[in-house]
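> only geometry, no sequence info:
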């Protein structure tokens, strides 16, 4: 059965090291769309960090879907309006923030309008997330946080080696209560249960009446693995972690070598 939808991660997959889409990748996506294949970008970034890429590529599909915030939200490409959301509340923030202090790791939390941190010393990867997401970074002490604001995700960040040690010390109860995974070697994310790229992709597939055999996905890191459970054609980037490569239908070239284009050229 032919592929009718391709879900593509951004950082480390669609985008190269300069956070740009190469000409070959751009042309392959346009070719797929011309053939009637729907392209759904799926990123850990909020919509604000994806909008310019979506518009630059001219992404469109039947329902204008884009998966943001690692699956916590499905938004309309054109308006940015949330079609589906599954977010964290103030009590979740307090619980995860307390854990960050116990484990002595930098933490920030993402709302629709801002990226907040209660760390007086702001971590370098918190600043990096603000830059990638094109969202304001605000220092906000715990006592001043608005109890009515909801958050798509909380993120621990630090040097990869230090964060790997922190990850080992996260109590099991957090894994039971939240989706906990790495989106990069320096980010450990906490989202509400059933907030994954795979869960969001399945919702879209149901809406469009698509079978798993009609879906292809591409990714490079742990937060992309949930999509592998939805799509029959699973593409791991050449720079992907071993988990994805071990379960991939095809291992393409790296994001620096037009890996997305090579996969589209092979399967579409």
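Noted; the coordinates are in hand. Everything numeric in this text was worked out from a predicted model, so none of it was measured.
> Could you look up the SS state of residue 66?
strand (DSSP: H, G, I helix; E, B strand; the rest coil).
> Write down the beta-bridge partners of it, one by one.
In this entry, residue 66 is beta-bridged to residue 75, by DSSP bridges.
> Correct me if wrong: it contacts residue 81.
No. Residue 66 sits out of contact with residue 81 when judged by C-beta atoms under 8 Å, with a separation of 10.9 Å. Where C-beta positions appear, they are placed from N, C-alpha and C, glycine not excepted.
> now the strands: where do they sit in the chain?
Using DSSP state E, the strands found in the chain span residues 5-8, 38-41, 65-68, 73-76, 82-85, 106-110, 115-117, 137-139, 153-157, 178-184, 187-192, 215-219, 233-236, 250-251.
> want to throw the ones you listed into CSV with mean neighbour count?
Below are these laid out as CSV (neighbours: other C-beta atoms under 10 Å):
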stretch, mean neighbour count
strand 5-8, 25
strand 38-41, 24
strand 65-68, 27
strand 73-76, 21
strand 82-85, 16
strand 106-110, 26
strand 115-117, 24
strand 137-139, 14
strand 153-157, 26
strand 178-184, 20
strand 187-192, 25
strand 215-219, 28
strand 233-236, 26
strand 250-251, 15
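> Identify whichever of those lies nearest to residue 57.
If you check each of these against residue 57 by C-beta to C-beta, strand 38-41 wins as the nearest, at 7.9 Å.
> So what's the gap between the closest one and the chain middle?
Mean-position distance between strand 38-41 and its chain equals 14 Å (C-alpha atoms, centre = their mean, to the nearest Å).
> who touches that strand?
The contact list for strand 38-41 (C-beta atoms under 8 Å, 6 or more residues apart in numbering) reads 4-10, 14, 29, 32-33, 50, 53-54, 57, 59, 61-62, 65-67, 201, 204, 208.
> What segments of the stretch 1-150 of the chain are helices?
With helices called from DSSP state H, counting those that start in this stretch, the stretch 1-150 of the chain shows them at 23-34, 51-57, 90-103, 124-133.
> Identify, out of those helices, the most deeply packed stretch.
By mean neighbour count, with neighbours taken as mean count of other C-beta atoms under 10 Å, helix 124-133 ranks first of the helices of the stretch 1-150 of the chain at a mean of 18.
> That one - contacts with which helices or strands?
strand 106-110, strand 115-117, strand 137-139, strand 153-157 (3 or more C-beta pairs under 8 Å, 6 or more residues apart in numbering; DSSP states H and E).
> helices or strands up against the second one?
Contacts of strand 115-117 with other secondary structure elements, assessed using 3+ C-beta pairs under 8 Å, 6+ apart, are made with strand 106-110, helix 124-133, strand 137-139.
> Thank you kindly, that will do.
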